[in-house]
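Q: Turn this into a model:
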Amino acid sequence: MITTTETLFTEARTQNGYLPEPVSDDTLRQLYELMKWGPTSANSSPARLIFVRSAQARERLLACVSAGNQNKVREAPVTMIIGMDLDFHEQLPKLFPHAPDARSWFAGDEARRAETALRNSSLQGGYLILAARALGLDCGPMSGFDAAKMDAAFWPGSRVRTNFICTLGRGNPAKLFARSPRLGFDEACQLV
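A: As a prediction, the model looks like this:
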């Protein structure tokens, strides 16, 4: 496992294409085992993941993503669907045992659960990307999909909703374009 700042941040790139190398079940399990330790509020851990690899599942996914993302999804060995469980609070007695009433903080408040699930599953998605990079994999996080179609195709009958998707594998350097700029500290930050 590689964990330098270059690997995780400064040299890492959003991938637009992948080499035809599979990602093993063991690697996907390692990825989750790393990601799950990232902090979330009240240890809520609302992210739910689907690793799309089979041809059949990929076709279902392609029917949900925008035309501009289809080649990326088609080429990636894995596309992760990062979902958010809107009933995450049901797991709080297990995940946050030192606060026995934690479930009640969210029971009956759908809006609060949705906001908390979105915020914390997004955090977990960020941890997932860092974990993938630490394992030597490349990622391509994206929006650009029909959320209702995605939810119907991959989370039917559940309270899980899609947050975002992310391709995963070994990036093809020939598919990279020039690195886009970032805002400077003074443009994005305030010291108060």
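Q: what about stretch 11-28, start to end distance?
A: Stretch 11-28 has its terminal residues 22 Å apart, counting by C-alpha to C-alpha, to the nearest Å.
Q: quick check: mean pLDDT across that stretch?
A: Mean pLDDT, stretch 11-28: 94.
Q: For that stretch, buried residues please.
A: 12-18, 23, 28 (16 or more other C-beta atoms under 10 Å). Just so you know, the C-beta spots here come from the backbone N, C-alpha and C atoms, and that holds for glycine as well.
Q: cool, stretch 103-114 as well?
A: For stretch 103-114, by 16+ other C-beta under 10 Å, it's 105-106, 113.
Q: Also stretch 50-60?
A: 50-53, 57-58.
Q: what does that stretch rub up against?
A: With contact meaning C-beta atoms under 8 Å, 6 or more residues apart in numbering, stretch 50-60 is reached by 22-23, 28, 61, 73-74, 77-81, 83, 153-154, 168.
Q: if you look at these, which of them are in helices?
A: Here DSSP state H is the test, and those give 28, 61, 73-74, 153-154 as lying in helices.
Q: could I get the residues you listed as a markdown table with distance to L183?
A: Converted to a markdown table, the ones in helices among the contacts of stretch 50-60 look like this (distance: C-beta to C-beta, whole Å):
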| residue | distance to L183 |
| --- | --- |
| L28 | 33 |
| L61 | 32 |
| V73 | 29 |
| R74 | 32 |
| A153 | 36 |
| F154 | 34 |
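Q: Remind me what the top strand by length along the chain packs against, helices and strands.
A: For the chain, the strand that runs over the most residues, judged by DSSP state E, is strand 160-169. Here strand 160-169 touches strand 47-52, helix 67-75, strand 78-85, helix 110-134, strand 138-142, helix 147-154, going by 3 or more C-beta pairs under 8 Å, 6 or more residues apart in numbering; DSSP states H and E.
Q: ok, the first one: who's next to it in the sheet?
A: Meaning strand 47-52. strand 78-85 (antiparallel) (DSSP bridges).
Q: separation between the most centrally placed residue in the chain and L191?
A: For the chain, the residue sitting closest to the mean C-alpha position, by C-alpha atoms, centre = their mean, is G125 at 3.3 Å. Here the distance between G125 and L191 works out to 29 Å (C-beta to C-beta, to the nearest Å).
Q: Let me see the contact set for the closest residue in space to N120 that isn't next to it in sequence.
A: Computed as C-beta to C-beta, 6 or more residues apart in numbering, the closest residue to N120 that is not its neighbour in sequence is T40, at 4.1 Å. By C-beta under 8 Å, 6+ apart, the contact set of T40 is 46, 120, 123-124.
Q: Including mean pLDDT and distance to K94, could the helices and strands packed on strand 160-169 go into a markdown table?
A: Converted to a markdown table, these look like this (pLDDT from 0 to 100; distance: least, C-beta to C-beta, whole Å):
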| stretch | mean pLDDT | distance to K94 |
| --- | --- | --- |
| strand 47-52 | 98 | 15 |
| helix 67-75 | 96 | 34 |
| strand 78-85 | 98 | 13 |
| helix 110-134 | 97 | 16 |
| strand 138-142 | 96 | 29 |
| helix 147-154 | 98 | 24 |
